[in-house]
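Trainee: I would like the atomic coordinates for the input below:
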Amino acid sequence: MRHVIWDWNGTLVDDLPVVVAAVNTSLAAIGEGPIDSDRYRDHYTRPVRRFYDGLLGRPVDEEEWLTIDGTFHRAYVATLHQVPLARDARAAVDLVATSGSTQSVLSMWWHRDLVPEVERHGLSRYMVRVEGNNGTAGATKTKLLLSHLENLGAGIEPVVIGDATDDARAAQAAGVDVVLFDGGSHHEDELRSFGVPIARSLVEAVTIGLTL
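Mentor: Alright, predicted model coming up:
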């Protein structure tokens, strides 16, 4: 049975404008100037601390990182009410459900914040599992994906659908299929460098993922 593992930020929810605004708030907190969405997509990577190193052209020290991480999280959470589902998220989730496949959400966002947001958007009833990060701030997804797969158990054929190169790296490390959605954290040419299927909509991503 196919099982779709959805990413959340930048995939099921269209939060890029809110993310960039929160990044700018965190940059201002350490005395740095703002960026736009193109520059965000030029530099975005995980671990997130490396993203800020790239933006600033220098290593972020420990004090700055603690300020950045705390400021970003507070700014993002304060604007959650502005974050909509992606344009065709409901149609894509419905498509998985009607195909007879199962699905879950796996995000590097904090678990305590993720769970109520999935519920608020009315998607919890579709998901057999919703898991966020309970570990290190800004970490990569590989370890969490491996744990998620173990928790899901045997008898499934997983495919990850996400918007980030970190989703691709995690899926490849775990030995599972992945489809990348060109609508979130990266420019298309960077996504294509991974040699995996690219979709321009979530419905297209599901269509591809269910037939891999």
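
Trainee: domain assignment for the protein?
Mentor: 2-15+84-209, 16-82 (automatic domain parsing).

Trainee: now the ones you listed in CSV, with mean pLDDT?
Mentor: Compiled in CSV, these are given as follows (pLDDT from 0 to 100):
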stretch, mean pLDDT
domain 2-15+84-209, 94
domain 16-82, 94
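
Trainee: deepest of those, which one?
Mentor: Sort these by mean neighbour count, taking mean count of other Cβ atoms under 10 Å, and domain 2-15+84-209 sits at the top with a mean of 19. Every C-beta, even on glycine, is put in place using the N, C-alpha and C of the backbone.

Trainee: hey, where'd the helices end up in this structure?
Mentor: Remark: helices assigned in the chain by DSSP state H are 16-29, 37-43, 48-56, 62-78, 89-98, 111-120, 142-152, 165-174, 188-192, 202-209.

Trainee: now the ones you listed as JSON lines including distance to Val128?
Mentor: Formatted as JSON lines, the helices of the chain follow (distance: least, Cβ to Cβ, whole Å):
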{"stretch": "helix 16-29", "distance to Val128": "27"}
{"stretch": "helix 37-43", "distance to Val128": "32"}
{"stretch": "helix 48-56", "distance to Val128": "28"}
{"stretch": "helix 62-78", "distance to Val128": "26"}
{"stretch": "helix 89-98", "distance to Val128": "11"}
{"stretch": "helix 111-120", "distance to Val128": "12"}
{"stretch": "helix 142-152", "distance to Val128": "7"}
{"stretch": "helix 165-174", "distance to Val128": "18"}
{"stretch": "helix 188-192", "distance to Val128": "27"}
{"stretch": "helix 202-209", "distance to Val128": "16"}
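
Trainee: can you tell which of these is closest to Val159?
Mentor: helix 202-209 (4.1 Å; Cβ to Cβ).
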